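Trainee: got a sequence here, can you model it:
(4 chains)
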2 protein chains.
Amino acid sequence: MQHALSLARFLPYRCSTLARKISVSLSRIYTERFGISIPEWRVLVTLTECGELQAKQIGELTSMDKVQVSRAVAGLQGRGLLQRRPCERDSRAAQLCLSAAGTRLYRRIEPEALAWEESLLAPLRPAERETLFALIDKLELQLAEMPDKPAVNKGDTEQ
Amino acid sequence: MQHALSLARFLPYRCSTLARKISVSLSRIYTERFGISIPEWRVLVTLTECGELQAKQIGELTSMDKVQVSRAVAGLQGRGLLQRRPCERDSRAAQLCLSAAGTRLYRRIEPEALAWEESLLAPLRPAERETLFALIDKLELQLAEMPDKPAVNKGDTEQ
DNA sequence: GGCAACTGGTTTCTTTTGAAACCAGTTGCC
DNA sequence: GGCAACTGGTTTCAAAAGAAACCAGTTGCC
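Mentor: Okay, here's the model as predicted:
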């Protein structure tokens, strides 16, 4: 049969193993030496980028669900890397930002993370890098528009 | 600072979230309706492709470790989808292949999986698809060659 | 033959992840 | 005001993943 499925040419497989290998290799930089998990790392990046955010916003920006964000925030706060300030508009929520120690830690990790990424992207010319990100953008966009598959979802218990 | 890290342009993040979204969406096809996990699915594909293999070979072909393979194989065998035959050359190992039921099941899932992939790749022209796989190949190759430890080489990375 | 090192594969234990229940506070509506 | 529906965030519980111990069989070497 002419279009038999082969893992080597099956995008979900290729994408998944590539992502896993990248994660494992990169996360050594902040996991082994600084004890930062991947979700915690994402929170660090996002708070550095945006300054002060609520947990929900972090979730939206990082594509993590609220449980992951909650745990990452708790972890960072427990080590004094993050501060929470009550939100006056809504007392359920809190405004989160990095502490001085958190910012210092981030400054130490960031250049190494960027250098690692650079060494991964080394074999790609600038145009190829653009193409890569553009293709990822297209795929994400397409995913968002694809019907969420089989039968219709009934009770939407999303809260 | 000119090259501040932003998640949206950080390949590890983009790749990881893309892979996760793809997996979640695709795996519904075989998880919800057929009770097949992702590792089990990979074993199905690989055995269909190769006929008869030992667990170790499956692991190499699918980038899964031996624990994952062992569990997936046990799961499939438990449902009569896979047969194991003792290997005469080495009685520790077993020759694995799909049973008739396993092959039938696979034949039902495969076209749906391919159709799903096709709908994901729909916005990409053939040349773009080639480019995408070529880029993934390059990145995997580069990953394999990168030192596995955070050896810090500042600034260099030219070439 | 016999012993040590090794390998294919499974099991056990711990950590991680995700789903759903939950709590506290807010909003909308009468 | 008061009640119901909702939302931000945490906790609890169960499934999944990974590391390391383990078992049984094989290989190499004396």
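
Trainee: tell me the pLDDT at residue A:97?
Mentor: Residue A:97 is assigned 97 on the pLDDT scale.

Trainee: how about the helix or strand hosting residue A:33, does it reach DNA strand C?
Mentor: Secondary structure assigned from DSSP states H and E places residue A:33 in helix A:11-34. No: using C-beta under 7 Å from any atom of the strand, we find that helix A:11-34 stays clear of DNA strand C, coming within 8.3 Å at best. For every residue, glycine as well, the C-beta is placed using N, CA and C.

Trainee: can you list contacts of that helix?
Mentor: Residues from elsewhere that reach helix A:11-34 (C-beta atoms under 8 Å, 6 or more residues apart in numbering or on different chains): A:7-8, A:36-38, A:41, A:105, A:108-109, A:112-113, A:116-117, A:120, B:11-12, B:15-16, B:18-20, B:22-23, B:26, B:42, B:62-63, B:117, B:120-121, B:132-133, B:136, B:139-140, B:143, B:146, B:148-150.

Trainee: how close does the residue in chain A positioned nearest to DNA strand C sit to residue B:97?
Mentor: Closest residue of chain A to DNA strand C, C-beta to the nearest atom of the strand: residue A:91 (3.4 Å). Using C-beta to C-beta, to the nearest Å, residue A:91 is found at 62 Å from residue B:97.

Trainee: just the helices in chain A please.
Mentor: A:11-34, A:38-50, A:55-62, A:66-78, A:100-121, A:126-145 (DSSP state H).

Trainee: could you find the closest non-adjacent residue to the residue of chain A at minimum distance from chain B?
Mentor: Closest residue of chain A to chain B, C-beta to the nearest C-beta: residue A:19 (3.7 Å). Residue nearest to residue A:19 in three dimensions, not counting chain neighbours: residue B:19, with 3.7 Å by C-beta to C-beta, 6 or more residues apart in numbering or on different chains.

Trainee: tell me how many other residues crowd the one you found.
Mentor: Residue B:19 has 22 neighbours, counted by other C-beta atoms under 10 Å in any protein chain shown.

Trainee: any idea how far stretch A:27-39 is from the chain center?
Mentor: Relative to its chain's centre, stretch A:27-39 lies at 13 Å (C-alpha atoms, centre = their mean, to the nearest Å).

Trainee: tell me if it is near DNA strand D.
Mentor: No: Stretch A:27-39 does not reach DNA strand D (C-beta under 7 Å from any atom of the strand); its nearest approach is 10.9 Å.

Trainee: tell me who's in contact with residue A:62.
Mentor: Going by C-beta under 8 Å, 6+ apart, the list of residues near residue A:62 reads A:39, A:42-43, A:46, A:69, B:7, B:13.

Trainee: show me which of those is closest to DNA strand D.
Mentor: When the contacts of residue A:62 are ranked by distance to DNA strand D (C-beta to the nearest atom of the strand), residue A:69 comes first, at 6.6 Å.

Trainee: that closest one touches residue A:55, doesn't it?
Mentor: Yes: contact criterion C-beta atoms under 8 Å: residue A:69 and residue A:55 qualify, at 5.0 Å.

Trainee: looking at the two, which is more packed in?
Mentor: Counting neighbours by other C-beta under 10 Å for residue A:69 and for residue A:55 shows that residue A:69 has the greater number, 25 against 18.
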